[in-house]
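Undergrad: what follows is a predicted structure for the sequence shown.
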Amino acid sequence: MSESTIGRYRWTICALLFFATTVNYLDRQVLSLLQPMLEDKFSWSNTQYANIVSVFQFTYALSMLFAGRIIDKLGTKKGYAWAIIIWSVGAIIHALAIPMGEGLMSLLGWFGIAAMPVSVLGFMVSRAVLGFGESGNFPAAIKATAEYFPKKERSFATGIFNSGANVGAVLAPLTVPWIGEHWGWEAAFLIIGGIGFLWLFFWLFLYDKPEEQKRLSADEFAYINSDKDKSEPDTQGVHQEKVSWIKLLGYRQTWAFAFGKFMTDGVWWFFLFWLPAYLKAQYGMTGTEVMLPLVILYSMTMIGSIGGGYFPIYFIKKGYKPYDGRMKAMLLIAIIPLVVLAAQPLGGISFWVPVLFIGIGTAAHQAWSANIFTTVSDMFPKKAIASVVGIGGMAGGIGGVIVTKIGGALFDHYKKLGHIETGYTIMFTFCACAYLIAWIVMKSLVPTYKPITDL
């Protein structure tokens, strides 16, 4: 049966997920692009900037554990709507970081709590709200993908919506530095933060569960469920029994996903939050000077996201089960970031050398990300997917906090010694090797396809 006969409404849903993920990454990247400006304005050290960033990551990590459970309970439509409302508000209130910080500092003074810079406190609170809201994006998007796509298309659909992260990462340097220079840093947070409310209108109008979706043809509904496990229940969202975290943690499949996220999420976030600072520290680039290299770098990641999502289909067509084909693809993907090892040794030639090598590494990350998310829907029934993604997201967030804090400390240490490039060499080495380590452990925990059937 052809695509035109089956219907294409599921791709409309994929487009919604793509645009939500684009907004998600636009909002989280504004701070890193303004970091050189804010560092000069507020005299931040690398450690203070790392503290601000790590608050987002820590809040995101803890919230991911509950975000999946909340979305499982509320259902995809309501859960996603609340997530984008909260994170859009969090993005906007960054513009009020200074008055917020002053008010909070006065309040903390009454309790005798030691003071910290007002700007640091205000941005930390703003990042916490943003992290809480943004934690709902991927659990909701993966759940929507599981609802609207058969297993054989899920990694491709995930690759498409996950490429929204790359589009957001491309659009941010095209807009944020210019807005910051011409209208002020506050305007950048206000304008970018407000975009989420535009998406919300289309989501509420166009999304319903497949069994309630009037725009979905009977043929397409049947196609979506064509490779559904017999053990998988028909009910969704609030009608399902809860699956306890303790029970989910009893499965090796959960630990494999969580470890893969722990090792690799921090790599993506490190590049996302530190690249503008790196270009300033190593090459003296600030403001709109970083626009072109970052646009090119993140444009490369789109190829990785979509291509990586499609890659496992090659193995699946050869007869591999979805998980086994995905792991074959992920091994090859895990080798690619090793090129980042050459970024610093060859960086003296031109800033384009590390930009291009890191671009290859981040493209590989997005290919990896599209596949590691889909291993969850390969293994678990739909009622547990968002909760497992939440557990893995929490592990990834904790890994991100560790990477960020170590990076900030290393950069300040080697900056005092006059060799800040050594700090970046150490961090790039970890980023290059993280994926192979993650793959080896994941493969050891779950050597072959073994879906969960007793939930």
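TA: Now that the structure is in, tell me what you want to look at.
Undergrad: skipping its backbone neighbours, what lies nearest residue 252 in space?
TA: Take residue 252 and drop its neighbours on the chain: the residue closest to it by CB to CB, 6 or more residues apart in numbering is residue 445, 4.6 Å away. (Glycine included, C-beta is placed from N, CA and C.)
Undergrad: would you mind measuring from the one you found to residue 420?
TA: 38 Å (CB to CB, to the nearest Å).
Undergrad: cool, residue 155 as well?
TA: 39 Å.
Undergrad: between those two, who's got more neighbours?
TA: residue 155 (32 against 20; other CB atoms under 10 Å).
Undergrad: and the more buried one, what element?
TA: helix 151-183 (DSSP states H and E).
Undergrad: distance from that helix to the middle of the chain?
TA: 10 Å (CA atoms, centre = their mean, to the nearest Å).
Undergrad: just the helices in the stretch 151-300 of the chain please.
TA: Using DSSP state H, counting those that start in this stretch, the helices of the stretch 151-300 of the chain run over 151-183, 185-194, 196-206, 218-224, 245-248, 252-283, 291-317.
Undergrad: now for the shortest one, which elements pack on it?
TA: Of the remaining helices and strands, those touching helix 245-248 by 3 or more CB pairs under 8 Å, 6 or more residues apart in numbering; DSSP states H and E are helix 382-416.
Undergrad: equivalent analysis for the third one, please.
TA: Helix 196-206 sits against helix 9-42, helix 76-92, with contacts defined as 3+ CB pairs under 8 Å, 6+ apart.
Undergrad: dump the residue contacts of the closest residue to residue 220 other than its chain neighbours.
TA: Distance criterion CB to CB, 6+ apart; nearest residue to residue 220, sequence neighbours excluded, is residue 7 at 3.5 Å. By CB atoms under 8 Å, 6 or more residues apart in numbering, the contact set of residue 7 is 216-217, 219-220, 223.
Undergrad: ok, now residue 17?
TA: 141, 144-145, 157, 161, 164.
Undergrad: what subset of the residues you listed is buried?
TA: 141, 144-145, 157, 161, 164 (16 or more other CB atoms under 10 Å).
Undergrad: from residue 143, how far off is the nearest residue in space to residue 221 that is not next to it in sequence?
TA: Spatial nearest neighbour of residue 221, chain neighbours left out: residue 210 (5.7 Å); criterion: CB to CB, 6+ apart. Distance of residue 210 to residue 143, given as CB to CB: 12 Å.
Undergrad: so those two - more neighbours on which side?
TA: residue 143 (27 against 18).
Undergrad: just checking, what packs against the helix or strand containing the more buried one?
TA: Assessed by DSSP H and E, residue 143 sits inside helix 137-148. Applying 3+ CB pairs under 8 Å, 6+ apart, one finds that helix 137-148 contacts helix 9-42, helix 46-74, helix 76-92, helix 151-183, helix 352-379, helix 382-416.
Undergrad: just give me how far that helix sits from the chain centre.
TA: Counting by CA atoms, centre = their mean, helix 137-148 comes out at 14 Å from the chain centroid.
Undergrad: again, but for stretch 47-60
TA: The answer for stretch 47-60 is 15 Å, by CA atoms, centre = their mean.
Undergrad: how about it: buried residues?
TA: Neighbour count says stretch 47-60 has 48-60 buried, by 16+ other CB under 10 Å.
Undergrad: what does it rub up against?
TA: Stretch 47-60 has contacts (CB under 8 Å, 6+ apart) with 28, 31-32, 35, 39, 44, 117, 120, 123-124, 127-128, 130-132, 134-135, 269, 273, 277, 393, 397-398, 400-401, 404-405, 407-409, 412.
Undergrad: residue contacts, the residue nearest to residue 254 when sequence neighbours are not counted?
TA: Leaving aside its chain neighbours, residue 254 sits nearest to residue 248 (5.1 Å; criterion: CB to CB, 6+ apart). Residues in contact with residue 248 (CB under 8 Å, 6+ apart) are 254, 384, 387-388, 391.
Undergrad: quick revisit: take the buried residues of stretch 47-60 and write them to TSV, including distance to residue 369 and pLDDT.
TA: Listed next are the buried residues of stretch 47-60 as TSV, based on distance: CB to CB, whole Å; pLDDT from 0 to 100:
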residue	distance to residue 369	pLDDT
48	29	93
49	25	94
50	23	93
51	26	92
52	24	94
53	19	92
54	21	92
55	23	93
56	18	92
57	16	89
58	20	90
59	20	93
60	15	88
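Undergrad: low-confidence stretches in the stretch 101-250 of the chain?
TA: 108-115, 228-242 (pLDDT under 70).
Undergrad: tally of neighbours for the nearest residue to residue 302 once chain neighbours are set aside?
TA: Ranked by CB to CB, 6+ apart and with sequence neighbours excluded, the top spatial neighbour of residue 302 is residue 166, at 4.3 Å. With neighbours defined by other CB under 10 Å, the count for residue 166 comes to 25.
Undergrad: one more: the one 3 residues further on?
TA: Neighbour count of residue 169, defined by other CB under 10 Å: 29.
Undergrad: coming back round to it: can you redo the helices of the stretch 151-300 of the chain as a markdown table with distance to residue 342?
TA: Shown next, in a markdown table, are the helices of the stretch 151-300 of the chain (distance: least, CB to CB, whole Å):
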| stretch | distance to residue 342 |
| --- | --- |
| helix 151-183 | 22 |
| helix 185-194 | 34 |
| helix 196-206 | 38 |
| helix 218-224 | 44 |
| helix 245-248 | 40 |
| helix 252-283 | 15 |
| helix 291-317 | 15 |
